[in-house]
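**Student:** here you go, sequence then predicted model.
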Amino acid sequence: MSISNINSFSVSTTSLPLQKSQTAQAVTSTSAATTSSVAIPVLTEQLKTLQISSGTFSSSATSLQKEEITVEVQKELTLSGLKQLAEKGDPRAQYLYAQRYENQCGGLHYKLVYELHHMCSDSEFGPSPKETENEVLKWYTKSAEQGYAPAQLLLGKRYSDVYADKKNYSDAFKWLKLAADQGNAEAQYELGFLYYIHNNFLHEEMKLDPVQCKKDAVEWFEKSAKQGNHDAQNRLGVCYEKGIGIAKDPKQAAQWYAKAAEGQDSDAWYNLGRCYQDGIGVEIDLAKAVEWYTKAAKEKNPNAQYSLGLCYEKGTGVAQDIPKAIKLYEEVAKYPSDELKEKAYGRLADIFGKGIGVPQDSKKAALYQEEIDDLNDWGLDY
């Protein structure tokens, strides 16, 4: 039986949904030593464990979202074997081939690859960064054009990446919208975020109305948040708190921060801490504020570290502890944000200049003040 003619299979109890994080883990562990001549027959047998609703590789986009693929199948497929399936038109194989090809050729570390190409010949190191990028985009695009949401999402994120060589917001919106319309929660969040950060570049290229963009951002954040996306939940909380694209509603803000805080989102933990400290949609509870700040600070969240430092310095919701405050401020000062650096250096200069809880040290205070002056001289704003 040829692969392209397989019509019906039973569901495997060991199969996993074809999600980005899972496929990435599986494909990177694949042994490159296995030959495609071995992989294809193995795949033919193991594909019998897959349920494919349409019975062919030309499945509709809707059914593709529900298909499953076993880890064993992914492990058996070599890069060349996967490419054979991709060339037959299977959008899942096209997506996985592009993903694995990119990983095998250096992943996203194109600058490192570029430098290595100056030290080695092409034959020694393989395809150039440009060749890799073109090959990867070609297959992701083929998959996306067949309605495969994971590929559409990846293309959308790639074209909107501020560091990408092929940044194109028009294409980013197009692909993210297609994936978002299929109900992909991550795509809905990413699309909402593009609307949210509407800037001059977006305005010039997309001709989008800034006011409408904020409303559209809220709409997509809400769709994603209701599916449990913690990034969207946190961002929706920000919108309700500040009245971005929607009327201010502190209670809704606090509720969405709380939902986001159920995930591993340090920004949500920090925001929830602010709610308890300032009474945003909840009763003021300084002890709870410190609890959430502490949780976020342990994850190196600089805003939480600074707020927690203030709590220790002032004795807000916790016993005053100047050494702990100093340590937190010093951590914040390492973060690449001039605004945070200036605030942290300001507190350190004040503590040592006035001798707050520590011996007065005018020299140390002056050094911190010099750091502030240097930041202002550069005029940088991250």
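**Tutor:** Looks like it came in fine. Numbering: from 1, shown residues only.

**Student:** switch to C-alpha atoms for all contacts and neighbour counts from now on
**Tutor:** Will do.

**Student:** please enumerate the strands of the stretch 201-350 of the chain.
**Tutor:** Counting by DSSP state E, counting those that start in this stretch, the stretch 201-350 of the chain has no strands at all.

**Student:** buried residues, stretch 278-296. List them.
**Tutor:** 279-282, 285-286, 288-296 (16 or more other Cα atoms under 10 Å).

**Student:** go on, stretch 207-218?
**Tutor:** Result for stretch 207-218 [16+ other Cα under 10 Å]: buried residues 210, 213-218.

**Student:** give me the subset of the residues you listed lying in helices.
**Tutor:** The members of the buried residues of stretch 207-218 that map onto helices under DSSP state H are 210, 213-218.

**Student:** can you pick out the most distant pair from these?
**Tutor:** Using Cα to Cα, these reach their maximum pairwise distance at Pro210 and Val218, which is 12.9 Å.

**Student:** in this structure, which ranges drop under the pLDDT threshold?
**Tutor:** Within the chain, the segments meeting pLDDT under 70 span 1-76, 106-127, 162-167, 199-203, 378-382.

**Student:** can you do 90?
**Tutor:** 1-85, 97-136, 158-170, 197-211, 264, 337, 375-382 (pLDDT under 90).

**Student:** domains of it?
**Tutor:** Domain segmentation of the chain under automatic domain parsing yields 1-143, 148-238, 299-382.

**Student:** can you show me the CA trace of stretch 234-245 as PDB?
**Tutor:** Written as PDB, here are the backbone C-alpha positions of stretch 234-245 (Å, rounded to 0.1, in the frame of the first residue of the first chain):
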ATOM      1  CA  ASN A 234      -2.800  39.500  31.300                       C
ATOM      2  CA  ARG A 235      -2.900  41.900  28.300                       C
ATOM      3  CA  LEU A 236      -6.700  42.100  28.500                       C
ATOM      4  CA  GLY A 237      -6.300  43.000  32.200                       C
ATOM      5  CA  VAL A 238      -4.100  45.900  31.100                       C
ATOM      6  CA  CYS A 239      -6.700  47.100  28.700                       C
ATOM      7  CA  TYR A 240      -9.400  47.100  31.300                       C
ATOM      8  CA  GLU A 241      -7.200  48.800  33.900                       C
ATOM      9  CA  LYS A 242      -6.100  51.600  31.600                       C
ATOM     10  CA  GLY A 243      -9.100  51.900  29.300                       C
ATOM     11  CA  ILE A 244      -7.300  50.800  26.200                       C
ATOM     12  CA  GLY A 245      -9.800  50.000  23.500                       C
END
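
**Student:** circling back to that earlier point, so which of the buried residues of stretch 278-296 are in helices?
**Tutor:** 286, 288-296.

**Student:** nearest to Ala86, of those residues?
**Tutor:** Nearest member of these to Ala86, counting by Cα to Cα, is Ala296, at 43.4 Å.

**Student:** ok, the spatially closest residue to that closest one that is not a sequence neighbour to Tyr293 distance?
**Tutor:** What sits nearest to Ala296 in space, not counting adjacent residues and going by Cα to Cα, 6 or more residues apart in numbering, is Ser266, at 4.7 Å. With distances taken as Cα to Cα, to the nearest Å, Ser266 is found 9 Å from Tyr293.

**Student:** likewise for Gly355?
**Tutor:** Distance of Gly355 to Tyr293, given as Cα to Cα: 26 Å.

**Student:** now Ala172. Nearest residue, chain neighbours left out?
**Tutor:** Leaving aside its chain neighbours, Ala172 sits nearest to Gly156 (4.0 Å; criterion: Cα to Cα, 6+ apart).

**Student:** number of nearby residues for Glu339?
**Tutor:** Glu339 is flanked by 15 other residues according to other Cα atoms under 10 Å.

**Student:** oh, that last question was meant for Lys226, not what I typed.
**Tutor:** Neighbour number of Lys226 under other Cα under 10 Å is 13.

**Student:** any idea how far Ala217 is from it?
**Tutor:** With distances taken as Cα to Cα, Lys226 is found 14 Å from Ala217.

**Student:** again with Glu186
**Tutor:** From Glu186 to Ala217 the distance is 13 Å (Cα to Cα).

**Student:** repeat that for Gly245.
**Tutor:** According to Cα to Cα, Gly245 and Ala217 sit 7 Å apart.

**Student:** now the helices for the stretch 201-350 of the chain?
**Tutor:** 210-225, 230-242, 250-260, 266-278, 286-298, 302-314, 322-332, 338-354 (DSSP state H, counting those that start in this stretch).

**Student:** closest one to Thr132 among these?
**Tutor:** Thr132 lies closest, by Cα to Cα, to one member of these: helix 230-242, at 30.7 Å.

**Student:** quick check: buried residues in the closest one?
**Tutor:** 230-241.

**Student:** how about the contacts made by Glu331?
**Tutor:** 302, 305 (Cα atoms under 8 Å, 6 or more residues apart in numbering).

**Student:** what does Tyr329 give?
**Tutor:** Tyr329 touches 305-306, 309, 344-345, 347-348, counting by Cα under 8 Å, 6+ apart.

**Student:** dump these to CSV, plus neighbour count and distance to Ala333.
**Tutor:** Below are the contacts of Tyr329 laid out as CSV (neighbours: other Cα atoms under 10 Å; distance: Cα to Cα, whole Å):
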residue, neighbour count, distance to Ala333
Gln305, 27, 10
Tyr306, 26, 9
Gly309, 32, 12
Ala344, 26, 6
Tyr345, 23, 7
Arg347, 22, 11
Leu348, 24, 10
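
**Student:** can the residues you listed go into JSON lines with extra columns for distance to Tyr335?
**Tutor:** As requested, those are exported to JSON lines (distance: Cα to Cα, whole Å):
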{"residue": "Gln305", "distance to Tyr335": "11"}
{"residue": "Tyr306", "distance to Tyr335": "11"}
{"residue": "Gly309", "distance to Tyr335": "15"}
{"residue": "Ala344", "distance to Tyr335": "10"}
{"residue": "Tyr345", "distance to Tyr335": "12"}
{"residue": "Arg347", "distance to Tyr335": "15"}
{"residue": "Leu348", "distance to Tyr335": "15"}
